[in-house]
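*Asks:* Below is the sequence, then the predicted model.
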2 protein chains.
Amino acid sequence: MDQDQITRIRNFGRAVAVEVGALEDSFLDRGRPLGAARVLNAIGLGYQNVADIRSVLKLDTGLLSRLLRSLEAEGLIETSPHPQDRRARVATLTRKGQAEFDIYETLSDERAAQILNRHKNAPRLLEAMDIVTIALSREEIVFEEIDYASDLATTCLNAYAMELGARLNVEFDLKKAGDPDLSQMKHPHGTFVVARLGDMPVGCVGVKGNGGQLAEIKRMWIAPAARGLGLARRMMTAAEDAARDLGIEVLRLDTNSTLFEAVKLYQTMGWTQIDRFNNDPYPDLFFEKHL
Amino acid sequence: MDQDQITRIRNFGRAVAVEVGALEDSFLDRGRPLGAARVLNAIGLGYQNVADIRSVLKLDTGLLSRLLRSLEAEGLIETSPHPQDRRARVATLTRKGQAEFDIYETLSDERAAQILNRHKNAPRLLEAMDIVTIALSREEIVFEEIDYASDLATTCLNAYAMELGARLNVEFDLKKAGDPDLSQMKHPHGTFVVARLGDMPVGCVGVKGNGGQLAEIKRMWIAPAARGLGLARRMMTAAEDAARDLGIEVLRLDTNSTLFEAVKLYQTMGWTQIDRFNNDPYPDLFFEKHL
DNA sequence: GATTATAGCTGACTAAAGTCAGCCATATGG
DNA sequence: CCATATGGCTGACTTTAGTCAGCTATAATC
């Protein structure tokens, strides 16, 4: 292991520890001990079962109980027995508690905005942060079939369109690019798969079918920060598996030679180049694979 | 301010807070309170004056005093009056203390190595971390004239050579590329300027002179992670100022058209293109500026 | 050499965090 | 229905962190 690389990571660790400390200090300025603030935030974020709060904050049962009592005494939360299991309890924010939670949220947002404002190259910094977030995450990347019209899908598709536009140096418009109608990207005809890490989308791919044995791969996208991790191959495999499950026998796709990483991937995954099969303006390369 | 950007920064914050917490937990496993561990580490890192420890760790005089006492009781440190001011004290590690400090260092190194190991694309992650480190740092980038043969200069020059090699797609060898002899990059003939953030080098530039009124800019480099921050312009200005101070009236430089960002910078900073003035194999563009 | 400032230590205190045994109410499995 | 497990609460406690006034020794200033 290269000592210079270790040093760089440790410098990073030092820098972010300072930042984490500063955020906690700003929380303390609200006059409440950090432990209580953390519990309030956990509840605001949706951890309402007392057991969940305990596990996410790694608190002792006695300690959490007392912190809940102190928040209750402040009038910030209310607790009641869990409807399914009356031994367990759920905590909810009162109106006052919601207001206080919102203030903590604002404090966090402000710190984030400050970091962004004092930096000259925001997109680059954000991508760097995404890379680090992905690298530090202990969660697995999960692949999930979701609705093509959902928020998560839309986020992915917008990123896809922006990037393709920049790559092909045109104003890329999903509508003009033969936007498939919703039913084609849905069971039983097709599907839409996202890869996500927690609630952060890191990739997507669509299978567009019409009920026949032939379907098309569309909207394959990997978040810039998630590249170089072998995710594209896993995405394609997930799409092929989903297509097979739908009874599809042949998959096709179109792409542009500018996207050379993608082209290389198709070639090494058993796709063969075929003749143009549509008249879309953007693609100039066409592939097929028998499942 | 874009809420999506804020969300990305906050996701980042959450991820690193977990990592910071995990490192602190691993420190606690040594059976010593965090405060004491921090003091021990500060001493090991070279903060030996009690006043320095206090300012770097932001501790109250009473609290620090007690922490020092507890480390002394463990036999990890020794304190003695400061030789110049016998009111002040200096703390030094005993052999046992050094061993314990080394263990903390190993713990930190191991965590860093773990992050690196579970990531598939180490160079990209490291650059991302550098970008974040620079962005979060509250320190200013300082420009400093240093010895061309010093360690810091060598670090910069190696990075410069590696990168130029990759950029020009050849095995770039500083020696072959007309490596200037040391005296030409030193006062009174020339100089070598580094930009650094703490002890992290983020850029360098050399002025190579021979005592005449004509000198040459060499080895201009900006760390990848520090790009897009307007640093190149500041580096060049620093080099020109240093040259002026040395009584130099005309500066020249050679460059390669592949380095288009650099070429553009020279053009906007008042440099004019001139004819080839050497026979080096790498450059294909030549500039001059009257100071 | 008297006055004032500075560095660090000690005692006395408070607040926050964390631990643990024992308790009660409820759920679960035979 | 009984035995056992589970979820959370309370009381009693310890440790860690932090604050502050007052003290001593030394240094700096005039």
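*Replies:* It's in. Numbering: from 1, shown residues only, chains lettered A, B, ... in the order given.

*Asks:* Within the helices and strands, which one has the residue in chain A that DNA strand C sits nearest to?
*Replies:* Residue nearest to DNA strand C within chain A: A:G62 (2.6 Å; Cβ to the nearest atom of the strand). For every residue, glycine as well, the C-beta is placed using N, CA and C. Remark: A:G62 resides in helix A:61-73, with elements defined by DSSP states H and E.

*Asks:* which parts of chain A sit against DNA strand D?
*Replies:* Within chain A, the positions near DNA strand D by Cβ under 7 Å from any atom of the strand are A:49-51, A:54, A:61-62, A:64-66, A:68-69, A:79, A:82, A:85, A:87-89.

*Asks:* could you redo the last one with a cut-off of 6 Å?
*Replies:* A:49-51, A:54, A:61-62, A:65, A:68-69, A:79, A:87-89 (Cβ under 6 Å from any atom of the strand).

*Asks:* so where's the stretch 1-150 of chain A shaky on pLDDT?
*Replies:* For the stretch 1-150 of chain A, the stretches with pLDDT under 70 are A:1.

*Asks:* just how off-centre is stretch A:231-244 within its chain?
*Replies:* Chain-centre distance of stretch A:231-244: 18 Å, with Cα atoms, centre = their mean, to the nearest Å.

*Asks:* check whether it contacts chain B.
*Replies:* No. On the criterion Cβ under 8 Å from any Cβ of the partner chain, stretch A:231-244 is out of touch with chain B, staying 9.4 Å away.

*Asks:* same check, this time on stretch A:17-25
*Replies:* Yes. With Cβ under 8 Å from any Cβ as the criterion, chain B is reached by stretch A:17-25 at A:17-20, A:23.

*Asks:* Let's have those in TSV, adding secondary structure and neighbour count.
*Replies:* Formatted as TSV, the residues of stretch A:17-25 next to chain B follow (DSSP: H, G, I helix; E, B strand; the rest coil; neighbours: other Cβ atoms under 10 Å in any protein chain shown):
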residue	secondary structure	neighbour count
A:A17	helix	18
A:V18	helix	13
A:E19	helix	21
A:V20	helix	18
A:L23	helix	17
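
*Asks:* Quick check, the residue in the stretch 151-291 of chain A closest to chain B?
*Replies:* Nearest to chain B, among the residues of the stretch 151-291 of chain A, is A:G228, at 3.7 Å (Cβ to the nearest Cβ).

*Asks:* What strand or helix carries that residue?
*Replies:* Using DSSP H and E, A:G228 falls within no helix or strand.

*Asks:* How about the contacts made by the nearest residue to A:R124 once chain neighbours are set aside?
*Replies:* Taking Cβ to Cβ, 6 or more residues apart in numbering or on different chains, and ignoring the residues beside it in sequence, A:R124 has B:G228 as its nearest neighbour in space, at 5.6 Å. By Cβ atoms under 8 Å, 6 or more residues apart in numbering or on different chains, the contact set of B:G228 is A:120-121, A:124.

*Asks:* Next to DNA strand C in this structure, residues from the stretch 51-200 of chain A, please.
*Replies:* Counting by Cβ under 6 Å from any atom of the strand, the stretch 51-200 of chain A sits next to DNA strand C at A:60, A:62-63, A:85-87.

*Asks:* before we move on, the earlier item: what separation is there between the residue of chain A closest to DNA strand C and A:R54?
*Replies:* 11 Å (Cβ to Cβ, to the nearest Å).

*Asks:* now A:G198
*Replies:* Distance from A:G198 to A:R54, by Cβ to Cβ: 20 Å.

*Asks:* Can you list phi and psi of the residue nearest to A:R124 for me?
*Replies:* Backbone torsions for B:G228, taken as degrees, to the nearest 10, come to phi 80, psi 10.

*Asks:* try the one 4 residues further on
*Replies:* Here the main-chain torsion angles of B:A232 (degrees, to the nearest 10) amount to phi -60, psi -40.

*Asks:* wait, isn't it in contact with B:V263?
*Replies:* No. B:A232 is beyond contact range of B:V263, at 11.3 Å (criterion: Cβ atoms under 8 Å).

*Asks:* number of nearby residues for A:M200?
*Replies:* Residue neighbour count, defined by other Cβ atoms under 10 Å in any protein chain shown, stands at 22 for A:M200.

*Asks:* same thing with the one 5 residues further on?
*Replies:* If you count neighbours by other Cβ under 10 Å, A:V205 ends up with 26.

*Asks:* Pretty sure A:R233 is one of the things it touches, is it not?
*Replies:* No. Counting by Cβ under 8 Å, A:R233 is not a contact partner of A:V205; they are 11.5 Å apart.

*Asks:* which residues do those two both contact?
*Replies:* Counting by Cβ under 8 Å, 6+ apart, nothing touches both A:V205 and A:R233.

*Asks:* out of B:A232 and B:V263, which sits in the busier spot?
*Replies:* Neighbours were counted for B:A232 and for B:V263 using other Cβ under 10 Å; B:A232 has more, 23 against 17.

*Asks:* Show the contacting residues for that one.
*Replies:* Contacts of B:A232 by Cβ under 8 Å, 6+ apart are B:203, B:220, B:222, B:261-262, B:265.

*Asks:* Could you do A:F143 as well?
*Replies:* If you count contacts by Cβ under 8 Å, 6+ apart, A:F143 has them with A:193-195, A:234-235, A:238.

*Asks:* Reformat the residues you listed as JSON lines; add neighbour count and secondary structure.
*Replies:* Formatted as JSON lines, the contacts of A:F143 follow (neighbours: other Cβ atoms under 10 Å in any protein chain shown; DSSP: H, G, I helix; E, B strand; the rest coil):
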{"residue": "A:V193", "neighbour count": "23", "secondary structure": "strand"}
{"residue": "A:V194", "neighbour count": "23", "secondary structure": "strand"}
{"residue": "A:A195", "neighbour count": "24", "secondary structure": "strand"}
{"residue": "A:R234", "neighbour count": "15", "secondary structure": "helix"}
{"residue": "A:M235", "neighbour count": "25", "secondary structure": "helix"}
{"residue": "A:A238", "neighbour count": "20", "secondary structure": "helix"}
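
*Asks:* Max pairwise distance over those: which two?
*Replies:* Within the contacts of A:F143, A:V194 and A:R234 form the most distant pair, 12.3 Å apart (Cβ to Cβ).

*Asks:* what are the ranges of the strands in chain A?
*Replies:* Using DSSP state E, the strands of chain A run over A:77-81, A:89-93, A:142-145, A:191-197, A:200-209, A:214-222, A:250-255, A:272-273, A:285-290.

*Asks:* circling back: compare A:G198 and A:R54 (neighbour count), which wins?
*Replies:* Taking other Cβ under 10 Å, A:G198 and A:R54 do not tie; A:R54 has more neighbours (18 against 15).

*Asks:* For the more buried one, which residues are in contact?
*Replies:* When contacts are counted by Cβ under 8 Å, 6+ apart, A:R54 touches A:61, A:64.

*Asks:* If we use 10 Å, what do you get?
*Replies:* A:R54 sits next to A:39, A:42, A:47, A:60-61, A:63-65 when contact means Cβ atoms under 10 Å, 6 or more residues apart in numbering or on different chains.

*Asks:* Narrow the contacts of B:G228 to just the buried residues.
*Replies:* The neighbour-count test (16 or more other Cβ atoms under 10 Å in any protein chain shown) marks A:R124 as buried among the contacts of B:G228.

*Asks:* Let me have the contacts of A:F143 in a markdown table, extended by pLDDT and distance to B:E288.
*Replies:* Formatted as a markdown table, those follow (pLDDT from 0 to 100; distance: Cβ to Cβ, whole Å):
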| residue | pLDDT | distance to B:E288 |
| --- | --- | --- |
| A:V193 | 94 | 58 |
| A:V194 | 94 | 55 |
| A:A195 | 94 | 53 |
| A:R234 | 93 | 54 |
| A:M235 | 93 | 52 |
| A:A238 | 93 | 58 |
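
*Asks:* Serialize those to CSV and add fields for distance to B:H290.
*Replies:* Formatted as CSV, the contacts of A:F143 follow (distance: Cβ to Cβ, whole Å):
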residue, distance to B:H290
A:V193, 62
A:V194, 59
A:A195, 57
A:R234, 58
A:M235, 57
A:A238, 62
